[in-house]
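J.: Quick one, what's the 3D model for this:
(one chain, ligands or ions: 1)
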Amino acid sequence: MSLDKCERLYRFRNPARIERQADSIGDPIARLKYLRQATAAAEPVRRRWGPFGSFCMVAILLSMRSDAQFRHPSNVRQTDRPLAAESLRVAPQEIPNVWRIAETKDFEVYSNGLRVEDELAVANEPRLYRLLSVGAGRNDGRLTDDKGRSSVLLRSQPAGIVFHTTESDQAPFEAAEQHNLQRIGRETLLYVRSKRAYHFVIDRFGRVHRIVVESDAANHAGNSVWADSRWLYLELNQSFLGVSFEASMQTDQPPINEAQTHAARVLTEMLRCKYHIAAENCVTHAQVSVNPDNMRIGWHCDWGKGFPFAEIGLPENYELPVPSLYLLGFESDPAYIHATGPGLWKGLAVAEERLREAAGARRMGVAAYRTLLQKRYRDEIAALKDKSVDEENRQ
Ligand SMILES: [Zn+2]
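T.: So this is what the prediction gives:
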């Protein structure tokens, strides 16, 4: 959903005063510092939601328009070796042991109770993405063979999960609305399927529907950035699985119910086990979305607050420093602050501190260092789209 339509959803003891004060602080670092202090003692009201803006279906279309159409070289090296153990930087819950116990043409059942409906499963472009090192210049994801020829290091295994909301119509969740609930749910699934928008949708009854098959990319994240301690991921359609809840954050009601929360937990357990996904790589769309036109974070802001990380068996990942900010020089702005919650603000503040420390270590001003990082982003995106890199690797 678009930033200008997003509104503050989190509540503090005195939210209006905090926001007014934050708005009056021009320097983004000082503003984030203030927000961090002001919200440290605040007690957020979980699952309270104010009016939200435009529809994520629009967001899906925007994402599709802006996705990099990255095609991979034919003779490059792939590595599907699990990266989880080497990339953990927060203490995650242990990856559970989950296995498939039954499979038919219409559904799968797993040992943790997960059932995946396969009736709507559809193919898309096969997943393959370039590995980029977090530290530019240290290992930029290229390998050199014994004859000095270099090749790009690619992976086809998903590295993480991005959580979304469909922002589709929402009938009251009650028995009298059964017909409407079923109809809207079906229409949403078919629309999502036609757009190849997500890998999984969790409907309002907690049923998990496979949409795009896991081996393929889905059009869920568009312009986006995330990183773990080793690898930098750009344009996450290729590298991350998209899991969306049939939900809207535009109402005063909790966006998801207990059945959906449980379904997300068992689905996340299965995917983390199957692909050795690090907990730190299970994040929300609002944490990864960027706008390259103005170099601001958070073009889309679904799950900018209130995502139930703990109930889904994950650490409080809102507190992770936002990689687009400290690795690639993106900036936040008041609209993004308003559209997100204090959990995410902590991640922003930590990222700003990292940026400032890195600039200091290089004896550079923050603005100059940010410009340097932004150049890296543009260079990396250009490389993703540059087909001559493919040709280079075919030689
Ligand atoms: Zn989204």
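J.: use CA for all of it now, contacts and neighbours both
T.: OK.
J.: Name the nearest residue to Asn281, ignoring sequence neighbours.
T.: Across the structure, with Cα to Cα, 6 or more residues apart in numbering as the measure, the residue nearest Asn281 apart from its sequence neighbours is Gly160 (4.6 Å).
J.: Check the gap between the one you found and His338 for me.
T.: 27 Å (Cα to Cα, to the nearest Å).
J.: More neighbours: which of the two?
T.: Gly160 (26 against 20; other Cα atoms under 10 Å).
J.: if we look at the sheet, which residues does that one bridge to?
T.: Beta-bridge pairing of Gly160 under DSSP bridges involves Phe240.
J.: Leu154: what secondary structure?
T.: Leu154 carries the three-state label strand when classified by DSSP: H, G, I helix; E, B strand; the rest coil.
J.: Bridged to it, which residues?
T.: Here Leu154 sits in beta bridges with Gln78, Arg130, going by DSSP bridges.
J.: Can you tell me how far it is from Leu320?
T.: Applying Cα to Cα, one obtains 26 Å for the distance of Leu154 from Leu320.
J.: more neighbours, those two?
T.: Leu320 (23 against 20).
J.: Quote the end-to-end distance of stretch 232-247.
T.: Start and end residues of stretch 232-247 are separated by 30 Å (Cα to Cα).
J.: What of stretch 200-210?
T.: When the termini of stretch 200-210 are compared using Cα to Cα, they are 5 Å apart.
J.: got it, and stretch 112-132?
T.: This stretch, stretch 112-132, spans 34 Å end to end (Cα to Cα).
J.: Also stretch 164-178?
T.: Where stretch 164-178 begins and where it ends lie 24 Å apart, using Cα to Cα.
J.: what's next to it, contact-wise?
T.: 55-57, 180-181, 184, 188, 242-250, 284-285, 302-303 (Cα atoms under 8 Å, 6 or more residues apart in numbering).
J.: Out of the residues you listed, list just those in strands.
T.: Among those, the members falling in strands are Gly242, Val243, Ser244, Phe245, Thr284 (criterion: DSSP state E).
J.: Report the buried members of these.
T.: Neighbour-count burial within those applies to Gly242, Val243, Ser244, Phe245, Thr284; the criterion is 16 or more other Cα atoms under 10 Å.
J.: so which two of these are the farthest from each other?
T.: Phe245 and Thr284 (11.5 Å; Cα to Cα).
J.: Which neighbours do those two have in common?
T.: Contacts common to Phe245 and Thr284, judged by Cα under 8 Å, 6+ apart, are Phe163, His164.
J.: ok so, going back, can you add pLDDT and distance to Val116 and give the ones in strands among the contacts of stretch 164-178 back as CSV?
T.: As requested, the ones in strands among the contacts of stretch 164-178 are arranged in CSV below (pLDDT from 0 to 100; distance: Cα to Cα, whole Å):
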residue, pLDDT, distance to Val116
Gly242, 98, 15
Val243, 98, 13
Ser244, 98, 14
Phe245, 98, 14
Thr284, 98, 21
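J.: What is the nearest of those residues to Asn257?
T.: When the ones in strands among the contacts of stretch 164-178 are ranked by distance to Asn257 (Cα to Cα), Phe245 comes first, at 10.1 Å.
J.: so how far is stretch 219-236 off the chain centroid?
T.: Going by Cα atoms, centre = their mean, to the nearest Å, the spacing between the C-alpha centre of stretch 219-236 and its chain's C-alpha centre is 7 Å.
J.: Give the buried residues for that stretch.
T.: When neighbours are counted by 16+ other Cα under 10 Å, the buried residues of stretch 219-236 are found to be 219-228, 230-236.
J.: Of the residues you listed, which belong to strands?
T.: Counting by DSSP E, the part of the buried residues of stretch 219-236 found in strands is Val225, Trp226, Ala227, Trp231, Leu232, Tyr233, Leu234.
J.: Any idea what the last one is bridged to?
T.: Beta-bridge pairing of Leu234 under DSSP bridges involves Val225.
J.: That one: what's it in contact with?
T.: Leu234 makes contact with Asn223, Ser224, Val225, Trp226, Ile381 under the criterion Cα under 8 Å, 6+ apart.
J.: again, but for the second one
T.: By Cα under 8 Å, 6+ apart, the contact set of Trp226 is Leu232, Tyr233, Leu234, Leu236, Asn281, Val288, Val322, Pro323, Ser324.
J.: Touching, the fourth one and Ala218? I think so.
T.: No - at 9.1 Å, Leu236 does not count as touching Ala218 under the criterion of Cα atoms under 8 Å.
J.: Run through the stretch 101-250 of the chain and note the low-pLDDT ranges.
T.: Within the stretch 101-250 of the chain, the set of residues satisfying pLDDT under 70 comprises 136-151.
J.: could you pull out the helices for it?
T.: When assigned using DSSP state H, counting those that start in this stretch, the helices of the stretch 101-250 of the chain occupy the ranges 178-195.
J.: neighbours around Asp252, how many?
T.: A total of 14 residues lie near Asp252 under the criterion other Cα under 10 Å.
J.: Quick check: phi and psi on it?
T.: phi -80, psi 0 (degrees, to the nearest 10).
J.: So it versus Gln170, what's the distance?
T.: 12 Å.
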